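>>> Need a 3D model of the sequence below.
(one chain, ligands or ions: 2)
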Amino acid sequence: MNREEKLPGWLNGLLELKFDEKCERHERMPNNVKNIYCLHCCVNFCDKCADTHDSHRILQVP
Ligand SMILES: [Zn+2]
Ligand SMILES: [Zn+2]
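Numbers count the residues shown, from 1 in each chain. Ligands and ions are numbered 1, 2, ... in the order given. Next up, the predicted model:
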């Protein structure tokens, strides 16, 4: 059995990000933790930045 599965690129990038970081653009706002990831741009961002990625495929980290 081969347990080595290749992760897709976006997932690799995802695993290296910190989802408890605060958004530098919305430093003063509540709920500014960057817990949303855009599969299109390969970046994570906060709730308030989500508008920018409106038409993109995003993934929310609980
Ligand atoms: Zn933000
Ligand atoms: Zn995006």
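
>>> Sketch out the low-pLDDT regions of the protein for me.
By pLDDT under 70, the low-scoring segments of the chain are 1-2.

>>> ok, the residue nearest to the spatial centre of it - contacts?
Closest to where the C-alpha atoms of the chain average out (Cα atoms, centre = their mean) is residue 37, at 2.0 Å. For residue 37, the contact set (Cβ atoms under 8 Å, 6 or more residues apart in numbering) comprises 14, 17, 19, 43, 44, 58, 59, 60, 61. The C-beta positions use only the backbone N, C-alpha and C, and glycine is treated the same way.

>>> How about residue 46, nearest residue that isn't a chain neighbour?
Of all residues not flanking residue 46 in the chain, residue 23 sits nearest, at 3.7 Å (Cβ to Cβ, 6 or more residues apart in numbering).

>>> got it, and residue 34?
residue 44 (4.6 Å).

>>> related to what we said a few turns ago, show me which of the contacts of residue 37 is closest to residue 4.
residue 14 (18.6 Å; Cβ to Cβ).

>>> I am finished for the moment; much appreciated.
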